[in-house]
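Undergrad: Kindly return the folded structure for what I paste below:
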Amino acid sequence: MAKIQNKKSRDTAIPSGSMSDIAFLLLLFFMVSTVFVQEKKFWVERDRWPVAESIERIPRNHTSTIYVMRDETILIDDIPTRIETSDDVFVANTLAAKKAEDPEIVVCFRTDRDTKYGVMSDVMRQLQDAGTLVVAFESQSKK
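TA: Numbering: from 1, shown residues only. As a prediction, this is how the structure comes out:
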């Protein structure tokens with residue numbers, strides 16, 4: 001009777017001869033099928049920037065001033081505070097209390113030129129939450 005010999009080890013190697021061909025074909029496929037969108041540029045001309053048409057003096061006895069500094073310190077009527085998180089509602093609570101005292105309060109909002117927009121956005125959101133509907137954005141006049 002003939003004995004059948006079993007192979008002791010099986011060949012488990014993956015043929016890698018055509019791997020570079022497959023990688024090249026995939027690269028070629030993605031290069032051909034990808035669509036590059038060219039950005040549309042939006043130019044704003046300086047003579048079209050908004051300009052104040054009139055200047056109104058606000059009576060200071062009915063105002064509360066918020067000044068946002070470049071290091072993210074917020075001054076509410078010269079009392080410093082900071083917004084630690086986006087859920088921090090100190091500004092909203094303070095202005096809601098001021099509005100309860102004087103319903104015709106006008107909030108004057110001033111910022112430093114180098115202030116990050118995220119901080120200003122958080123303060124404006126808190127102004128909305130406090131229900132302060134009259135907000136004046138102050139600016140420096142040209143000299």
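
Undergrad: element containing the residue nearest the centre of the chain, please.
TA: Centrality entry for the chain: nearest residue to the mean C-alpha point is Gly118, 5.1 Å, by C-alpha atoms, centre = their mean. Using DSSP states H and E, Gly118 maps to helix 117-130.

Undergrad: returning to what we had before: now do the residue nearest to the centre of the chain against Ala136, distance only.
TA: Using C-beta to C-beta, to the nearest Å, Gly118 is found at 22 Å from Ala136. Any C-beta I mention is one placed from the backbone N, CA and C, and that applies to glycine too.

Undergrad: List the buried residues of the helix holding Gly118.
TA: Neighbour counts using 16 or more other C-beta atoms under 10 Å place Val119, Met120, Asp122, Val123, Met124, Gln126, Leu127, Ala130 of helix 117-130 among the buried residues.

Undergrad: next one: that helix to chain centre, how far?
TA: In terms of C-alpha atoms, centre = their mean, to the nearest Å, the centre of helix 117-130 is found 12 Å from the chain centre.

Undergrad: For that helix, name the packing helices and strands.
TA: strand 63-68, helix 90-101, strand 106-111 (3 or more C-beta pairs under 8 Å, 6 or more residues apart in numbering; DSSP states H and E).

Undergrad: Tell me who's in contact with Val135.
TA: Val106, Val107, Cys108, Phe109, Met124, Leu127 (C-beta atoms under 8 Å, 6 or more residues apart in numbering).

Undergrad: How many residues are close by the first one?
TA: Translated: Val106. Using other C-beta atoms under 10 Å, Val106 is surrounded by 17 other residues.

Undergrad: measure it to Thr115 for me?
TA: Separation of Val106 from Thr115 (C-beta to C-beta) stands at 21 Å.

Undergrad: and if you look at Glu72?
TA: Distance from Glu72 to Thr115, by C-beta to C-beta: 8 Å.
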